[in-house]
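Student: Sequence plus predicted model, see below.
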Amino acid sequence: GKERERARKDFDAIIRARAAELKKGGRMVIVNFSKSPDGHYLGSTGVGVSMWESFKASWDKLHADGHINEAERTGISFPSYYRSLSEVSEGASAVPGIRVVSVEEKIVRCPYREAWVSGASQREGRTPRQHAEWYVPTTRTWSESTFKNALEEGRDKDEIMKRFWGNYVDLVEKEPEKHGMDYVHTYLVLEKE
């Protein structure tokens, strides 16, 4: 639909702009989030629970506990479009004067979940609670503004966000082995002809 077309146009514009900066024989590497043929994407790879579902459960708990209203509960929108490997390859191939050297997709497992599952987190003395408090901030760095923007003006946004992140920490603490943020990336190498 519209999102896919917007993403296609944006990707084309990015490739063309970077291609104009390259000299003949110059290469560029583009690493981007993607969606695998199996439907896997950032935070949802079939290993453990979906990070997005955990976000939703933690946000919905704010509503259930009376801290946010229905408009705030449903006011979250992450403006992300994850291209498939074929979209990346076809998009780059469509730019004149650029040759696709290679394109591949890889899943990078969450180092926080891996640390718990391997026992490394426990060997460093982390309890399930401490592990959750160590992991959750990595999801907070890029997502907090989106959650905050769903809150109405005049609210104590910092207090509400503190409760939200507390909900997420509580959720992770219960089953740390199930929580992580795996990355699904395409790795694209292009060369100017």
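Tutor: Good, I have the coordinates.

Student: In this protein, spot the helix with the most residues.
Tutor: Identified as the longest helix of the chain according to DSSP state H is helix 128-149.

Student: buried residues in the helix or strand that residue 59 is a member of?
Tutor: Using DSSP states H and E, residue 59 sits within helix 51-64. Residues 51, 54, 55, 58, 59, 61, 62 are the ones in helix 51-64 that count as buried (16 or more other CB atoms under 10 Å). The way it works is simple: take the backbone N, C-alpha and C, and place the C-beta from them, glycine included.

Student: Report the central residue of this protein.
Tutor: With distances taken as CA atoms, centre = their mean, the residue of the chain nearest its centroid is residue 42 (4.3 Å).

Student: Identify the residue nearest that one in space, chain neighbours excluded?
Tutor: Distance criterion CB to CB, 6 or more residues apart in numbering; nearest residue to residue 42, sequence neighbours excluded, is residue 33 at 5.3 Å.

Student: For that neighbour, give me its contacts.
Tutor: Each residue near residue 33 by CB atoms under 8 Å, 6 or more residues apart in numbering is listed here: 41, 42, 80, 82, 183, 184, 185.

Student: Try it again at 7 Å.
Tutor: 41, 42, 82, 184, 185 (CB atoms under 7 Å, 6 or more residues apart in numbering).

Student: can you give me the strands for this protein?
Tutor: Taking DSSP state E, the strands of the chain run over residues 27-33, 98-108, 183-192.
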